[in-house]
Structure formats: structure tokens, C-alpha cells
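S.K.: Need a 3D model of the sequence below.
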Amino acid sequence: MAGDVRFAFSATDMARTRFAVSPLWEVVASVRTFQTAGPHAVHRRWREQVAPRLAAAGLDGGLLTDLVPPAGYTPDFITPPPVPGGAGLDAELREVAATPVEEIRGELLEYGLRSERVRQLYDDPAAGLARLTAEITAYWDVALAPYWARVQSVLEADVFHQARRLATDGAEAVLGSLHPTVRWSAGTLTVTHKQCAARTELAGKGMVLVPSVFAWSSVATTVATPGAKQLFYPSRGWGSVWEESRAPVPDAVAAVLGRTRALLLAELTVPASTSELAGRTGLSAGGVNQHLTALRDAGIVSAHRAGRSVLYMRTAVAESLLAAHP
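M.R.: Numbers count the residues shown, from 1 in each chain. You can find the predicted model right below:
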């Protein structure tokens, strides 16, 4: 039955609420997308490329797909809150493997033992989790790893955008505009939900807000996990993740900055590292770094560390410059 899921925030919850990128959530969301994508779906190109690879590897069915149906409830223990600092898929899988037995069995009873593989997970959680994490790793290698650099760039761009809005407009403006089904009022975040209605106290643990490329049309939440609750929402720019066309270089901007720097600026529609820009433009990594340093010193781009990488992004000065010369 449709209803609203309400998350009540205290001052401590607000202080501990953060944005994060979750490779594991993209695994779950992409599995669902793979099962439901039609011939005209947004991610059709990706699906057409990975379908034969998954079939050849025997990954188009298994415990992972049993736990992530085309629609409906997915157990929360599959997607624990991402580790702060962008530690990656391996760290998230270690969190899954460490899930307490009683939490797994409680969620599976709520979920329903819908297949023999899920029943085996209930009977022997340790063996079942080992099987699940192995399937996730194999799925990642085939279906997401080849595309992760571009997916991650879109997700990191959304996090940077939300952080900038948080600083300029405040938490109320950001939380209330993540998706049409999400509303903020009087210290409560309300999510219109298709399956259930609930009111959840965050208990001082805050909330993790996770952008997603594959959850492109709706939001999802975790409510059963004892850790910080999560809200997964469509990332800004998700539709650009499969675009292959080169960004146009405005002649007027090139006349001022030089064509190479204008090219790099045009390529930064989403944050990118020096090596990514070198690969996309054919320039040397050293040359790209030199030009980016000059642009950063002029306040036209900024640099942000994301895990082991340094991502460059356009500043408001750059956006104004490009907007004036489309």
C-alpha cells in the first residue's frame, strides 16, 4: 500500500547528515535496471553491451538477482551506509560480510524466503554472505567496472553541486529538492513510498544521501538497518553518462584562454582527473596538469580530492564565462 516514509531529524542528525557515493548501491540499482529495462530505456546501450557478458559468465541469475527483484523490497543489509572518504566497493562488501546473523534473518523473514537460494542464506548466513559478495564482485567486474570512471564522475559532480548548494542555500533547500517525491518540513523529511508507510527516528545517526545514475526515475530508502538511514536519489546529469560526443569549444572563450584551455574547460561538464582529461583530449598528462594549474590559479577551475584521485571542476566564474558565449 502506498504511503509516506517520514524521517524525523534532530539537531544532531542534521550535523551528521552527509552525501556519499556508493559503488555497492549502483550494483543493486543496475541489477534492477537490467531486469526491467525495455527497448527504449535510458540505459539501453549499457544493457545491450553487458547482457551477453553476464550470460557468458553465468551472472544473469543467482542469489543477487533473487534479492534484488524488478520491483519491491530489497533487504537493507545488502547496502550498508558507504564508508566515509569514498573507500570503494571492497570496503562496502566487508560491511555486508560483517552483518549480524539476527539482522540478516530478521530482514529475510520480512522480505520472504522466495527462492531456495534465499532460504539457504537464511539457514547459513555465513556461507550465504560469502556467496553473495562473490557474486557482487563478479557482477561488478563485468557490468560496472568498465564504465565506473564515467559513472563516478557524474556522481561526484552531483555531490560537489549539492555541497555548494548546501553552503549557499542551506540544508532545507537541498533536502527539499532532491526529487519530486521528497519533501522537507518542520524537521521531517517525507518520502512518498509505493510499498509502505512508516515514521523513523534517526536516533542521532543522521542520514546518508546517495546519488545514483541507475536509480534514474525514483528514490529508495533504508529503514530496517540499525545504522544510519539512507536516501538514494537520481543524480544530476545521469542522462549524460552514456554520451560519447565531444563538448564544443566556444571560439570566443578560446580567443581569451587559448584553445587548449578552452577545450579542457568544455570537457569539464562533470569533474574529471588529469588522466581522464588526457585520455579524452589526446593531450599529455603533464600538459593537462600545467593548463589546469593555470586555470585553478585564475579561479576558473577548482580541485577536490575524491578517494585517491584529484578531480577538477568548473567554478562559478567558468560557468558564467561559458554561459555568456554558448
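
S.K.: Nearest residue to the middle of the chain?
M.R.: residue 212 (3.5 Å; C-alpha atoms, centre = their mean).

S.K.: Show me the beta-bridge partners of that residue.
M.R.: According to DSSP bridges, the partner residues bridging residue 212 are residue 234.

S.K.: how much space between it and residue 235?
M.R.: Separation of residue 212 from residue 235 (C-beta to C-beta, to the nearest Å): 6 Å. To be clear about C-beta, it is placed using only N, CA and C from the backbone, and glycine gets the same treatment.

S.K.: Quickly list what's touching both of those two.
M.R.: residue 155 (C-beta atoms under 8 Å, 6 or more residues apart in numbering).

S.K.: What are the neighbouring residues in contact with the residue nearest to the centre of the chain?
M.R.: 25-26, 29, 155, 232-235, 238.

S.K.: Most neighbours out of these, which is it?
M.R.: Highest neighbour count within the contacts of residue 212: residue 155, with 30 neighbours (other C-beta atoms under 10 Å).

S.K.: Just the pLDDT for that residue.
M.R.: Per-residue confidence (pLDDT) for residue 155: 89.

S.K.: what helices or strands is the helix or strand where it lies leaning on?
M.R.: Per DSSP states H and E: residue 155 is located in helix 148-169. Under the contact criterion of 3 or more C-beta pairs under 8 Å, 6 or more residues apart in numbering; DSSP states H and E, helix 148-169 touches strand 18-19, helix 23-36, helix 171-175, strand 207-212, strand 301-306, strand 309-314.

S.K.: Show me what the second one is in contact with.
M.R.: Surrounding helix 23-36, the residues in contact under the criterion C-beta under 8 Å, 6+ apart are 41, 43, 46-47, 50-51, 54, 64-65, 68-71, 74, 78-80, 82, 88-89, 92-93, 96, 136, 139-140, 143-144, 148, 151, 155, 210, 212-216, 220, 230, 232.

S.K.: Mind doing that once more with 7 Å?
M.R.: 43, 47, 64-65, 68, 70, 74, 78-79, 88-89, 92-93, 136, 139-140, 143-144, 151, 210, 212-215, 232 (C-beta atoms under 7 Å, 6 or more residues apart in numbering).

S.K.: What strands line up against the one helix or strand residue 200 maps to, and which way round?
M.R.: Residue 200 belongs to strand 198-201 when assigned by DSSP H and E. According to DSSP bridges, strand 198-201 forms sheet pairs with strand 3-8 (parallel).

S.K.: Now for residue 282, how many residues are close by?
M.R.: Here the number of neighbours of residue 282 (other C-beta under 10 Å) works out to 7.

S.K.: again with the one 5 residues further on
M.R.: Burial of residue 287, expressed as a neighbour count using other C-beta under 10 Å, amounts to 15.

S.K.: State the pLDDT value of it.
M.R.: 91.

S.K.: That one - that's part of a helix, no?
M.R.: Yes - secondary structure of residue 287 (DSSP: H, G, I helix; E, B strand; the rest coil): part of a helix.

S.K.: With residue 261 as the reference, measure out to it.
M.R.: From residue 287 to residue 261 the distance is 11 Å (C-beta to C-beta).

S.K.: Got the phi and psi for the nearest residue to residue 77 once chain neighbours are set aside?
M.R.: Once flanking residues are discounted, residue 77 sits nearest to residue 99: 4.5 Å by C-beta to C-beta, 6 or more residues apart in numbering. For residue 99, the backbone dihedrals (degrees, to the nearest 10) come out as phi -60, psi 130.

S.K.: for the one 10 residues further on, same thing?
M.R.: Summarising the backbone geometry of residue 109 under the convention degrees, to the nearest 10, its torsions are phi -60, psi -40.

S.K.: quick one, what contacts the closest residue to it other than its chain neighbours?
M.R.: Excluding the flanking residues, the one nearest residue 109 by C-beta to C-beta, 6+ apart is residue 122, at 7.8 Å. The contact partners of residue 122, by C-beta under 7 Å, 6+ apart, come to 105, 108, 113.
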